[in-house]
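Peer 1: From the sequence below, what's the structure:
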Amino acid sequence: MIAKYSIRWTENASDTYIDTLENILDQWTVKEAESFENATDELLKQLSSNSKICPEIKKFKLRRCVLSYQTSLVYRIVSKTIELIAFVDNRSDHIYQID
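Peer 2: Presented below is the predicted three-dimensional model:
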């Protein structure tokens with residue numbers, strides 16, 4: 001698989017990723033945290049080859065991928081870069097709802 005897009009983490013994406021991992025470790029085990037990390041890594045590999053695999057949030061011109069029942073990744077495409085915006089809790093009321 002040849003990567004067509006580079007991945008860029010915004011500060012918010014890094015912060016929300018770490019917050020998500022900390023929440024997983026607080027509520028579950030290291031095994032679940034590793035599973036989340038692996039799912040994130042796999043999704044980023046897929047996005048680097050196919051930037052539009054996740055549905056668009058038309059209101060914001062962003063895309064949202066469901067990583068698990070609890071968590072989604074929000075990103076945008078800027079030229080040949082996947083810019084990670086945030087990791088959000090699907091159970092919360094957040095602005096990144098799919099239209």
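
Peer 1: Past the helix ranked longest in the chain, which element shows up next along the chain?
Peer 2: In the chain, assigned by DSSP state H, the helix with the most residues is helix 30-49. As assigned by DSSP states H and E, the chain's next helix or strand after helix 30-49 is strand 56-57.

Peer 1: Low-confidence regions, this structure specifically.
Peer 2: Filtered on pLDDT under 70, the chain yields the residue ranges 1-3, 97-99.

Peer 1: Give me the residue at the spatial middle of the chain.
Peer 2: Compute the mean C-alpha point of the chain, and by Cα atoms, centre = their mean the closest residue is residue 73, 2.2 Å away.

Peer 1: List the contacts of that one.
Peer 2: Going by Cβ atoms under 8 Å, 6 or more residues apart in numbering, residue 73 touches 40, 43, 54, 64-65, 67, 84, 86-87. Just so you know, the C-beta spots here come from the backbone N, C-alpha and C atoms, and that holds for glycine as well.

Peer 1: Report the secondary structure state of it.
Peer 2: strand (DSSP: H, G, I helix; E, B strand; the rest coil).

Peer 1: Run through the bridge partners of it.
Peer 2: In this entry, residue 73 is beta-bridged to residue 65, residue 87, by DSSP bridges.

Peer 1: contacts for stretch 81-92?
Peer 2: Outside stretch 81-92, the residues that reach it (Cβ under 8 Å, 6+ apart) are 5-10, 12-13, 16-17, 19-20, 44, 47-48, 51, 62, 64, 66-67, 69-77, 94, 96.

Peer 1: Pull out the buried members of those residues.
Peer 2: Taking 16 or more other Cβ atoms under 10 Å as the criterion, what is buried in those is 5, 13, 16-17, 20, 44, 47-48, 51, 62, 64, 67, 70-77, 96.

Peer 1: Residue 44 - nearest residue in space that isn't next to it in sequence?
Peer 2: residue 7 (5.4 Å; Cβ to Cβ, 6 or more residues apart in numbering).
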